[in-house]
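*Asks:* Quick check, what structure comes out for this input:
(chains A and B)
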2 protein chains.
Amino acid sequence: MTTDQEMLAVAVEEARAGLAEGGIPIGAALFDPDGVLLGRGHNRRVQDDDPSVHGETDAFRNAGRQRSYRGTTMATTLSPCWFCSGLVRQFGITRVVVGEAQTFVGGHDWLAENGVEVVVLDDPECVAMMTEFIAEHPDLWNEDIGVD
Amino acid sequence: MTTDQEMLAVAVEEARAGLAEGGIPIGAALFDPDGVLLGRGHNRRVQDDDPSVHGETDAFRNAGRQRSYRGTTMATTLSPCWFCSGLVRQFGITRVVVGEAQTFVGGHDWLAENGVEVVVLDDPECVAMMTEFIAEHPDLWNEDIGVD
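*Replies:* Here you go, the predicted structure:
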């Protein structure tokens, strides 16, 4: 079985890839009920000039059309924003593995209240990556989360 | 000033275009505080084999990167699902004009509870378009809203 840490590791690889491209370092990966990778991706706001591509939406898109998300797990380096939390709820993604929820708090508690299994790993590398990024690029970060 | 009905009319044009392409007939359009069109789009699940492109996310993407969504209005032919409602909430889109909320109830009440100005127009053409589509393509519709 694929462990939560192994799933998060794929998301972290995606976040690092995004950072190396000059982008916002948030990555995600979607796994099927057996722990097999369906899709992985990262925030592409800067790279594609596309505000709709967060880490989770990119992983979801790259997984292609699925008839059901029952039993799937979305691993993400950061607490999912409302947009990405809404994605999880609408499509019935069953579990969310969150790297950290210290540098940003999205909708992970709301997901838990609505029946999604949420695991927050408090991963130090995820915290460090976002802390550094936000300090260096506050305007870009605020743009990505809709803060004026 | 652009009226709510005029904004909805752009979303309806998009929905019709999607239907003509063999897709799911849901369209949306994002307007700036002066009623100027920023972006318009429609559901592209079938056309692009992309589950992440709902009407609202397509309009949002086509509007390009915006530093602020304060004062903007999203017009959509159908009550926005949780994914699209999360988009509205995260980015601080101020108003949502909904064509109809009879054939599907998404998160528009949740948005209203969280400070978004929501107008539901009960537009007969929007109702007819979705009623007919759902009757003809129930599997595709269920796939689009994550119903097993």
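
*Asks:* And the residue in chain A that chain B sits nearest to, which helix or strand is it part of?
*Replies:* Of all residues in chain A, A:G86 sits closest to chain B, at 2.5 Å by Cβ to the nearest Cβ. C-betas here are computed from N, CA, C, even on glycine. Element membership for A:G86, per DSSP states H and E: helix A:82-91.

*Asks:* what packs against that helix?
*Replies:* Contacting helix A:82-91 under the criterion 3 or more Cβ pairs under 8 Å, 6 or more residues apart in numbering or on different chains; DSSP states H and E are the following elements: helix A:55-62, helix A:108-113, helix B:82-91.

*Asks:* A:V119 contacts A:V97, doesn't it?
*Replies:* Yes - using Cβ atoms under 8 Å, A:V119 is in contact with A:V97, at 5.0 Å.

*Asks:* how about the closest residue to A:M7 other than its chain neighbours, what does it touch?
*Replies:* Among residues not flanking A:M7 along the chain, A:A75 sits closest, at 3.8 Å (Cβ to Cβ, 6 or more residues apart in numbering or on different chains). Counting by Cβ atoms under 8 Å, 6 or more residues apart in numbering or on different chains, A:A75 touches A:4, A:7-8, A:10-11, A:28-31, A:96-97, A:99.

*Asks:* ditto for A:R65
*Replies:* Per Cβ under 8 Å, 6+ apart, neighbours of A:R65: B:45, B:49-51, B:143.

*Asks:* right, and out of those residues, which lies closest to A:V127?
*Replies:* Closest to A:V127 out of the contacts of A:R65 is B:P51 (30.7 Å), distances taken as Cβ to Cβ.

*Asks:* Report how many residues lie close to that closest one.
*Replies:* Using other Cβ atoms under 10 Å in any protein chain shown, B:P51 is surrounded by 23 other residues.

*Asks:* Next, find the distance separating it from chain A.
*Replies:* Using Cβ to the nearest Cβ, to the nearest Å, we find B:P51 at a distance of 5 Å from chain A.

*Asks:* who's in contact with that residue?
*Replies:* Shown in contact with B:P51 (Cβ under 8 Å, 6+ apart): A:60-61, A:63-66, A:91, B:45, B:143-144.

*Asks:* Beta-bridge partners for the residue nearest to A:M7, please?
*Replies:* A:A29, A:V97 (DSSP bridges).

*Asks:* Just the element for the closest residue in space to A:D123 that isn't next to it in sequence, please.
*Replies:* Excluding its sequence neighbours, the residue lying closest to A:D123 (Cβ to Cβ, 6+ apart) is A:G99, at 4.5 Å. Per DSSP H and E, A:G99 falls inside strand A:95-100.

*Asks:* Tell me the residues on chain A that lie near chain B, please.
*Replies:* Selection of chain A residues close to chain B by Cβ under 8 Å from any Cβ of the partner chain yields A:45, A:49-52, A:57, A:60-61, A:63-70, A:81-87, A:89-92, A:107, A:143, A:145-146, A:148.

*Asks:* repeat that for 7 Å
*Replies:* Neighbours of chain B within chain A, by Cβ under 7 Å from any Cβ of the partner chain: A:45, A:49-52, A:57, A:60-61, A:64-65, A:67-70, A:81-83, A:85-87, A:89-92, A:143, A:145-146, A:148.

*Asks:* What segments of chain A are strands?
*Replies:* Taking DSSP state E as the test, the strands found in chain A are A:27-31, A:37-42, A:73-78, A:95-100, A:117-120.

*Asks:* now the residue nearest to the spatial centre of chain A, nearest residue through space, not along the chain?
*Replies:* In chain A, the centroid-proximal residue (Cα atoms, centre = their mean) is A:T76; its distance is 3.1 Å. Nearest residue to A:T76, sequence neighbours excluded (Cβ to Cβ, 6+ apart): A:A28, at 4.1 Å.

*Asks:* Number of residues surrounding that neighbour?
*Replies:* Per other Cβ under 10 Å, the neighbour tally for A:A28 reads 33.

*Asks:* so it sits right up against A:E56, yeah?
*Replies:* Yes - applying Cβ atoms under 7 Å, one finds A:A28 in contact with A:E56, separated by 4.5 Å.

*Asks:* Now the common contact residues for these two.
*Replies:* Common contacts of A:A28 and A:E56, defined by Cβ atoms under 7 Å, 6 or more residues apart in numbering or on different chains, comprise A:74, A:76.
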